[in-house]
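In: Please find the sequence and the predicted model below.
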Amino acid sequence: MSRLRAVLVAIVGVAFVAVGITIGLATRPTGSNGATGGVILLALVALVVGLWKIRGTPDASGAGPAVPWADDDRFATPAPERTDREPPLSSDGLARVVERAGRTAREAETVDDGLAVVRPVLRETLCDALVQGGRTRADVRAAIDGGNWTDDRVAASVLSSDVEPPPRPFRDRLRAWLFPERVVRRRTRRAMGAVAEAADEALPSVPGQTAPRSVPVLQPRLEELRRGAGGELQRAVDPDAIARGPGPSRRHRGDGTTGSPGRGDGTADRRDDQEVSDA
């Protein structure tokens, strides 16, 4: 809070307190001098506390720190196990860069202005990855400027303005003129894929990264088993039945009438005989 604003707030507060005291004294009932004195004392104490608080508020615009601890204190230092608040490149940060690039292309109505926003981030990311792979930074920058780091000319043109993109048909040029933001997002996505592929090839593989994973086999529970026709145990519910959907109804061997699936004990025949006898 600035000094002028603090003074104005103090003046307004004093004015409100004065108006309240005046109204209280003017409308006090007869024989309430003790209560009126207590109200006045309480109002004065509140006024003094308010003025002291405004007076003691630190000025954030000054040279001194706005907090009672220094930056190098242990209280202000984050713990080692905490996540870095500002990593070199995060998914949220990259998404914000792409969003800003699309907005710039939409406002400027050109694809080049949008690519100029996302180009430094992708260049630095690829450069760091290739340097970690064993190449020098000068060689990496020369390869990025020349577009020799990938076979995709579109991705190379995103990371370097010196690389000319491949010839585009009239339809693509018209789309870039009408919807530059979409073109920027599409080229950026293509460049990010090329950068990820180059980084995977340059960086050393993590031990065990491509090792086969053993799939755990869960034995069925006892209530999920049933005794089959041959005496073997099998699942009572077929796990693939939902994926396949309901199967066609089966036909009995005798007269070819249809019955419920999985029942070949002549239930339909007995039901027909019972209906005939009832008739």
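Out: Received the coordinates, thanks.
In: For burial, what's the neighbour tally of Arg171?
Out: For Arg171, the neighbour count with other CB atoms under 10 Å is 8. All C-beta spots, glycine's among them, are computed from the backbone N, C-alpha and C.
In: try Val163
Out: Neighbour tally, Val163, other CB under 10 Å: 17.
In: Quick one, grab the pLDDT at it.
Out: Val163 is assigned a pLDDT of 86 by the prediction.
In: what are the phi and psi angles of the closest residue to it other than its chain neighbours?
Out: Closest residue to Val163 apart from its sequence neighbours, by CB to CB, 6 or more residues apart in numbering: Gly147 at 3.9 Å. The phi/psi pair for Gly147 (degrees, to the nearest 10) reads phi 80, psi 20.
In: was I right about Gly147 contacting Pro165?
Out: No: counting by CB atoms under 8 Å, Gly147 stays clear of Pro165, with 9.9 Å between them.
In: re the thing from before, report the contact partners of the residue nearest to Val163.
Out: Neighbouring residues of Gly147 by CB atoms under 8 Å, 6 or more residues apart in numbering: Arg153, Ala156, Ser157, Leu159, Ser160, Asp162, Val163.
In: Pro167 versus that one, what's the distance?
Out: Gly147 sits 15 Å away from Pro167, going by CB to CB, to the nearest Å.
In: all strands for the stretch 151-279 of the chain, in order.
Out: Secondary structure of the stretch 151-279 of the chain (DSSP state E, counting those that start in this stretch): strands located at 225-227, 233-235.
In: Put together JSON lines for those, with distance to Arg182, mean neighbour count and mean pLDDT on each row.
Out: Shown next, in JSON lines, are these (distance: least, CB to CB, whole Å; neighbours: other CB atoms under 10 Å; pLDDT from 0 to 100):
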{"stretch": "strand 225-227", "distance to Arg182": "56", "mean neighbour count": "12", "mean pLDDT": "74"}
{"stretch": "strand 233-235", "distance to Arg182": "50", "mean neighbour count": "13", "mean pLDDT": "71"}
